[in-house]
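Participant: Below are the sequence and a predicted model; questions follow.
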Amino acid sequence: MFGLFRRKTPDAVPDIDIGGRQVAVAVVRNARARRISLRADAVHGVVRLTLPPRAPIRDALALLDAQHGWIAARVTSWPRPLPFAPGALIPFESGQLLLDWDETNARGVRQIGTTLYVGGPRSTLSGRTTRWLRTQALDRLEPETRALAAAAGRSVGTVSVRDPASRWGSCSSTGAIAYSWRLILAPAWIRQSVVAHEVAHLVHHNHGPDFWALARSLADVDPGTSRRWLTAHGAALHWIGRG
């Protein structure tokens with residue numbers, strides 16, 4: 001198993017095979033770590049080994065061997081990639097879009113009903129689709145954010161979209177709000193609940209009872225329900241567009 005692999009560099013660990021799925025192993029040296037720890041990262045699709053600075057790599061390899069069953073159980077539950085390829089069905093708000101690519105299609109990206117038409121070279125399909133989805137996300141998130149902020153009696157700075165791994169939204173002390181563009185891949189009520197969460201932070205810079213009451217009233221959605229949905233399905237959104 002893992003112990004049979006040879007390392008090319010001191011902390012390099014080869015990919016591991018879990019049921020025919022190649023999974024990368026990332027080794028991280030952390031000065032604050034007191035022991036070797038193991039984590040299966042479902043968002044990035046990586047098994048992470050965190051080691052104290054002087055811990056022998058052989059001890060980490062031994063842990064990989066010993067925890068093979070634990071790793072396999074978690075990797076098996078990870079989402080599968082959904083690349084932006086011709087014929088793919090892409091989650092979009094509360095429905096799906098069929099990705100129709102043909103080099104002879106008009107250049108750019110056009111949505112007609114539930115079909116997304118993309119032209120140009122095949123090599124540009126993924127990038128064009130991603131940029132279109134990011135634009136759609138911001139086109140919805142910015143007005144929704146400003147409308148809820150006005151309802152809460154607050155003003156908003158900039159509204160932007162990014163691709164963070166661990167947050168669906170963030171609100172800075174200056175009133176700038178940023179979201180994951182991948183919220184456009186989730187049902188609309190999930191996106192609106194995240195917007196309400198971040199707008200509520202314009203009023204309450206904590207997660208106390210008043211914050212949750214405001215977030216619930218702004219979105220008319222139970223925040224717990226949206227959190228449970230994102231816990232169950234959020235990782236899969238990060239695999240959309242991944243080859």
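Facilitator: Structure received.
Participant: make it CA atoms for all contacts and neighbour counts henceforth
Facilitator: OK.
Participant: Which strands and helices lie in contact with the helix ranked longest in the chain?
Facilitator: Looking across the chain with DSSP state H, the single longest helix is helix 125-151. Counting contacts by 3 or more CA pairs under 8 Å, 6 or more residues apart in numbering; DSSP states H and E, helix 125-151 is packed against strand 109-112, strand 115-118, strand 159-162, helix 188-203.
Participant: Average pLDDT for the helix or strand that the third one is followed by, rounded please.
Facilitator: Moving toward the C-terminus from strand 159-162, the next helix or strand (DSSP states H and E) is strand 169-171. Computed over strand 169-171, the mean pLDDT rounds to 97.
Participant: Sheet partners, orientation included, of strand 169-171?
Facilitator: Partners of strand 169-171 in the sheet, by DSSP bridges, are strand 177-180 (antiparallel).
Participant: now the strand it pairs with, how far from the chain's geometric center?
Facilitator: 12 Å (CA atoms, centre = their mean, to the nearest Å).
Participant: Would you mind listing the buried residues in that strand?
Facilitator: 177, 178, 179, 180 (16 or more other CA atoms under 10 Å).
Participant: related to what we said a few turns ago, out of the helices and strands packed on helix 125-151, flag the one nearest residue 73.
Facilitator: Residue 73 sits nearest to helix 188-203 of all the helices and strands packed on helix 125-151, at 28.4 Å, using CA to CA.
Participant: Pull the next helix or strand after the closest one out as PDB, backbone CA atoms only.
Facilitator: Next helix or strand after helix 188-203 toward the C-terminus (DSSP H and E): helix 209-219. Output in PDB follows, covering the C-alpha atoms of helix 209-219 (Å, rounded to 0.1, in the frame of the first residue of the first chain):
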ATOM      1  CA  PRO A 209     -29.500  36.000  18.900                       C
ATOM      2  CA  ASP A 210     -30.200  39.400  17.400                       C
ATOM      3  CA  PHE A 211     -28.000  38.500  14.400                       C
ATOM      4  CA  TRP A 212     -29.900  35.300  13.700                       C
ATOM      5  CA  ALA A 213     -33.200  36.900  14.200                       C
ATOM      6  CA  LEU A 214     -32.300  39.600  11.600                       C
ATOM      7  CA  ALA A 215     -30.900  37.100   9.100                       C
ATOM      8  CA  ARG A 216     -34.000  35.000   9.400                       C
ATOM      9  CA  SER A 217     -36.300  38.000   8.800                       C
ATOM     10  CA  LEU A 218     -34.400  39.300   5.900                       C
ATOM     11  CA  ALA A 219     -34.400  36.100   3.900                       C
END
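Participant: What is the subsequent helix or strand relative to helix 209-219?
Facilitator: helix 223-237.
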